[in-house]
Structures are given as C-alpha cells and as structure tokens.
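S.K.: Need the 3D shape of this:
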Amino acid sequence: MTTRTLLLVRHAEAGPTPSGGTDRDRPLTPHGRAQAAAIGRLIAGGTLPEPAVAFTSSAARARETWAVAAEAAGLAVPTFAEQALYAADLDALTDLIRELSDGVRTLAVVGHAPEIPALARRVRDARPDGVPLLGWPPAGVGVVEVAGGWADFPRSGRLVFARAVEPD
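M.R.: Okay, here's the model as predicted:
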C-alpha cells in the first residue's frame, strides 16, 4: 500500500495588525522569518518531508511562512493560497485534503491554530510513548503518514513527528 505524507505547519510568529489592515494582513516578525527559514532548513536536511504541493492560508503570515521556508529549502512547488484555511471549518479543511489527487505524494498545509493542531489530533498519535504533544506554538510542525490515498485521511493517518521549530 502506498503511503502519502502530510506536512502540517502552523505559521511562524506574526506581528500586530498593520495600521489600516486586518488580521489577515499581519506579517511575520523578524523572529518569525527566522523560524520559517529554520523550517526550510529542516526540509532541505531531510528532517521534514519535501512537499510536491503546498496549501497555505490566505493570511499574509501563512503565505510568508511558506515563501520563506520554501526559499530556504530551495523548493519551487505549486502553492495555493486557500481562503478555506483562514478560520477554517475543520471538516472543510479535512475535505480539502481528502479531495487531493493521489498523484500527489506529499502535501504541506500551512495554517493557523486551532485548525493545524486539530488536524493532528484527528489522527492516531504514533510517536514514541511518553513524547508529549506540543501545544502547537507558532512554527509548530507535524508529519502525518496516510496509508492509502488522500480519501483515507484522517482514518488511516498517523502522526509520526511533531515539534516546535526555532532558529539555530
């Protein structure tokens, strides 16, 4: 049976809402940019999987997190800013993943709390016993293996990795 891989990323640290802007317009802080670059280095180094496609929230902080991470990893993958990932309904977000073509082996989803941690909680935790589930701070990442096709998510998913990412 073929396994697919889902890389879950909560956006890196964001600054305040810019004057005249909305919550969607919040950019990353310098620390957040460093966190995002560290995520990219983890992808480049093989600690995190290299996605073939990325879905990001339409919010600036999520799009910027992925742009910085992808640049640091040396990736040029199709990236789609999804309105549905901003203040997403968990079932709608799950459906977005389930509808992905099985030709895509690895997907990155870059979004927000509580949706990203909720996706991780929808699957079986297959990490070693005694490893606590992090509170999904900004730049928290997780890796979910999905046995079979994307339509089998979350039923056949298992969380195999989770950590908070900080710059070196």
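
S.K.: show me where this structure has helices.
M.R.: 30-44, 60-73, 90-98, 115-121 (DSSP state H).

S.K.: Just name the most buried of the ones you listed.
M.R.: Looking across those with neighbours counted as mean count of other Cβ atoms under 10 Å, the highest average goes to helix 60-73: a mean of 23. Quick note: C-beta positions are derived from backbone N, CA and C, even for glycine.

S.K.: Show me what that one is in contact with.
M.R.: Among residues not part of helix 60-73, those counted as contacts by Cβ atoms under 8 Å, 6 or more residues apart in numbering are 9, 11-12, 14, 24-28, 32-33, 35-41, 43-44, 50, 54, 56-57, 76-77, 79, 81, 85-86, 108, 110-112, 139.

S.K.: now do 6 Å
M.R.: For helix 60-73, the surrounding residues in contact (Cβ atoms under 6 Å, 6 or more residues apart in numbering) are 11-12, 14, 25-28, 33, 36-37, 39-41, 43-44, 54, 56, 81, 110-111.

S.K.: and the closest residue in space to residue 148 that isn't next to it in sequence, how many neighbours?
M.R.: In space, and not counting its chain neighbours, residue 148 is closest to residue 156: 5.3 Å by Cβ to Cβ, 6 or more residues apart in numbering. Look at residue 156: counted by other Cβ atoms under 10 Å, it has 19 neighbours.

S.K.: In contact with residue 107, which residues?
M.R.: Neighbour list for residue 107: 6, 51, 53 [criterion: Cβ under 6 Å, 6+ apart].

S.K.: Which single one of these is nearest to residue 152?
M.R.: Nearest to residue 152 among these, counting by Cβ to Cβ, is residue 6 at 11.5 Å.

S.K.: ok, and what's touching the least confident helix or strand in the chain by mean pLDDT?
M.R.: Ranked by mean pLDDT, DSSP states H and E, the helix or strand of the chain with the weakest confidence is strand 79-82, at a mean of 89. Counting by Cβ under 6 Å, 6+ apart, the neighbours of strand 79-82 from elsewhere in the structure are 54-56, 58, 63.

S.K.: try 7 Å this time
M.R.: Among residues not part of strand 79-82, those counted as contacts by Cβ atoms under 7 Å, 6 or more residues apart in numbering are 54-58, 63, 66, 96.
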